[in-house]
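Asker: I need the structure of the sequence given here:
(one chain, ligands or ions: 1)
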Amino acid sequence: MEDAKHIIGRLAPSPTGYLHLGNAWSFLLAWLSVRLQGGTLYLRMEDIDPARSKPEYTDGILEDFAWLGIDFDGDIIYQSKRSDIYEEYINRLSAFIYPCYCTRKELREMAGAPQSTTPKIMTPANRLIMPDTGAIYRRSCRFLTEEQRAQKQNQNACLRLACPPFDEREQEKIPAEIFNLSPDFFFDDLVLGRQHINLNDCGGDFALRRSDKVWAYQLAVSIDDMLTGVNEVVRGNDILTSTPRQLYLFRLLGKTAPAYAHIPLLLDNAGERLAKRHASLSLKALRGKYKSPAPVLQYLAEFINIREDISSAKELLTILQNSGHSSFPWHVLTKLGSAVRTDFQ
Ligand SMILES: [Zn+2]
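Answerer: Predicted structure coming up:
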């Protein structure tokens with residue numbers, strides 16, 4: 001008998017606000033996918049930014065998951081407790097890392113330069129999505145001399161990761177197998193199909209540590225996925241342009257990247273991304289309004305063509321299992337295009 005791969009997924013909320021309906025959608029799909037495959041699902045609190053993360057939001061997230069019936073395995077992983085690990089990987093990657101002294105103002109000006117482009121990525125539904133990539137970085141600080149760096153050493157610096165293509169000035173310090181690496185990354189998305197994204201269309205050299213010494217999202221996510229053996233990542237397609245950056249980190253560290261499922265976003269009825277200002281669509285508010293999660297789950301289940309009465313996530317899982325699914329039918333999301341406007345109240 002062929003050994004099926006043991007799937008390891010993760011729920012990775014940021015406790016910087018209350019979860020909303022859009023978060024419920026992506027966490028529900030991540031949960032269904034892992035549970036259908038009999039895998040392991042970790043809960044990782046992405047509380048890396050101490051100024052924005054609050055215990056009340058962590059508590060709220062746990063209450064939301066319990067209400068929806070989304071369970072997880074093992075102990076909760078807190079990114080805020082993993083600084084030593086991130087530090088260790090910064091050291092391992094030191095040949096590729098350089099300090100960037102650019103101010104926000106300088107970065108904004110750079111991004112506004114005429115040659116800057118917005119990445120254009122086509123989904124199977126042939127709709128254009130333009131995810132956040134931040135300012136496109138022009139490598140201004142990458143080739144500073146030691147003397148120039150010494151002059152700036154009292155300034156706050158973020159730590160950036162040098163991305164390909166590499167320059168001949170870097171040939172000595174960059175390992176040969178990486179030196180000729182192409183900035184073009186390819187991967188097979190479980191929802192979007194074959195993807196080809198150039199790292200430079202995603203902003204180029206990206207930060208691994210911010211100038212206020214907070215670890216950057218790309219670093220923490222990649223290292224945590226790597227060290228916990230995560231091999232399936234389900235997340236909104238607004239994060240698509242993070243994926244080549246994370247694939248690059250996996251490549252530099254010689255590890256196999258997870259499979260990715262970038263799912264359609266839920267937007268408000270004006271087409272705006274759901275955010276904290278949509279207080280009425282926070283799961284906390286919905287828990288208060290509806291005693292049972294049934295209305296929320298039934299609403300979300302319709303997006304995957306299930307129109308039966310559902311009162312818990314477990315029931316939704318059983319319906320999928322009983323219709324013969326041993327893995328999530330990602331193709332059902334294709335009809336939704338890149339985003340869906342919600343009129344849920
Ligand atoms: Zn710079």
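
Asker: so which bits of stretch 31-51 are buried?
Answerer: For stretch 31-51, the neighbour count (16 or more other C-beta atoms under 10 Å) marks 31-37, 39-49 as buried. For glycine as for every other residue, the C-beta is placed from the backbone atoms N, C-alpha and C.

Asker: helices - which of those land there?
Answerer: Counted as lying in helices by DSSP state H, out of the buried residues of stretch 31-51, are Trp31, Leu32, Ser33, Val34, Arg35, Leu36.

Asker: the closest residue to Phe185 other than its chain neighbours in helix, strand or coil?
Answerer: Closest residue in space to Phe185, ignoring its immediate chain neighbours: Pro244 at 3.8 Å, by C-beta to C-beta, 6 or more residues apart in numbering. Under the three-state scheme (DSSP: H, G, I helix; E, B strand; the rest coil), Pro244 adopts helix.

Asker: in contact with His278, which residues?
Answerer: Listed by C-beta atoms under 8 Å, 6 or more residues apart in numbering, the contact set of His278 reads His20, Asp268.

Asker: returning to that earlier point: of the ones in helices among the buried residues of stretch 31-51, closest to Ile61?
Answerer: Nearest to Ile61 out of these is Trp31 (C-beta to C-beta; 13.5 Å).

Asker: show me where the stretch 201-345 of the chain has strands.
Answerer: Per DSSP state E, counting those that start in this stretch, the stretch 201-345 of the chain carries strands over the ranges 206-209, 232-236, 259-263, 265-267, 339-341.

Asker: need those in CSV with distance to the ion and mean neighbour count, can you?
Answerer: As requested, the strands of the stretch 201-345 of the chain are exported to CSV (distance: least, C-beta to the ion, whole Å; neighbours: other C-beta atoms under 10 Å):
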stretch, distance to the ion, mean neighbour count
strand 206-209, 10, 23
strand 232-236, 29, 22
strand 259-263, 29, 23
strand 265-267, 31, 21
strand 339-341, 33, 15
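
Asker: which one of the ones you listed lies closest to Asp75?
Answerer: Among these, strand 232-236 sits nearest to Asp75 (C-beta to C-beta), with 19.7 Å.

Asker: and that closest one, how far out from the chain middle?
Answerer: In terms of C-alpha atoms, centre = their mean, to the nearest Å, the centre of strand 232-236 is found 7 Å from the chain centre.

Asker: between strand 259-263 and that strand, find me the angle.
Answerer: Strand 232-236 and strand 259-263 are oriented at 20 degrees to each other (axes from the mean of the first three to the mean of the last three C-alpha atoms, to 10 degrees).

Asker: how about the nearest residue to Ser242, chain neighbours excluded?
Answerer: Nearest non-adjacent residue to Ser242, counting by C-beta to C-beta, 6+ apart: Gln218, 6.3 Å away.

Asker: and the one you found, how many residues sit next to it?
Answerer: 17 (other C-beta atoms under 10 Å).

Asker: wait, it touches Gln246, no?
Answerer: Yes: assessed by C-beta atoms under 8 Å, Gln218 is found in contact with Gln246 at 6.2 Å.

Asker: looking at the ones in helices among the buried residues of stretch 31-51, spot the one nearest Gln321.
Answerer: Nearest to Gln321 among those is Leu36, at 6.8 Å by C-beta to C-beta.

Asker: what's the closest one in contact with, if anything?
Answerer: Residues near Leu36 by C-beta under 8 Å, 6+ apart: Leu317, Leu320, Gln321, His325, Ser326, Ser327, Phe328.

Asker: in PyMOL, how would I select just the buried ones from the residues you listed?
Answerer: Selection of buried members from the contacts of Leu36 for PyMOL, criterion 16+ other C-beta under 10 Å:
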select buried, resi 317+320+327+328
